[in-house]
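# Coordinates only, no sequence provided:
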């Protein structure tokens, strides 16, 4: 496998990741109905995630690759299952926030690695598009970090 093929493979992983996370975010937005600010931000990020998947698809194609249908199918199934995992719990908002915060940081690491890989194979145009995605992921991670203490306080208050 050439370096370019390896980057295309990793981009396919990122594409599948975005599809899975979109499913999760849609469910988490519904779970956040009691907090309009959080719900709106999660809905916004779900839309960003849809766009990110399209951007990654374009990056794959611009490098001469094809999107992996099998990776995408598995990712969507995983996203559906994970999005429903915390639904009946009294602390759903905390568990969703933890899962989303972890996912954002995983995405940040993935995109940083992909940007570096694209720079190394001379695909600077792809690296630039991925940098835009990275900035959106970093912004969402900051938002979640700010909101986590409130979710914890609310869950504890409900338990008392």
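Received it, and whenever you're ready, just let me know what you need. Predicted model, so just to flag it, every value in this text is computed and none were measured.
# Please make it C-alpha for all contacts and neighbour counts, starting now.
OK.
# Just the element for the residue lying closest to residue 91 once chain neighbours are set aside, please.
Counting by C-alpha to C-alpha, 6 or more residues apart in numbering, residue 91 lies nearest to residue 155, which is 5.6 Å off, once chain neighbours are set aside. Per DSSP states H and E: residue 155 is located in helix 124-159.
# What of residue 56?
helix 36-62.
# Just to check, residue 114 is in contact with residue 7?
Yes: applying C-alpha atoms under 8 Å, one finds residue 114 in contact with residue 7, separated by 7.2 Å.
# Tally up the residues packed near residue 35, please.
12 (other C-alpha atoms under 10 Å).
# my bad, residue 19
25.
# Now the element after the helix or strand bottoming out on mean pLDDT in the chain, going C-ward?
Least confident helix or strand, the chain: helix 69-84 with a mean of 53, by mean pLDDT, DSSP states H and E. Using DSSP H and E, the helix or strand that follows helix 69-84 in sequence is helix 92-120.
# in that following helix, what counts as buried?
For helix 92-120, the buried set under the neighbour-count rule, 16 or more other C-alpha atoms under 10 Å, comprises 92-98, 100-101, 103-104, 107-108, 110-111, 114-115, 117-118.
# can you give me how far that helix is from the chain middle?
6 Å (C-alpha atoms, centre = their mean, to the nearest Å).
# Now do it against helix 36-62, angle only.
Calculated by axes from the mean of the first three to the mean of the last three C-alpha atoms, to 10 degrees, helix 92-120 forms an angle of 30 degrees with helix 36-62.
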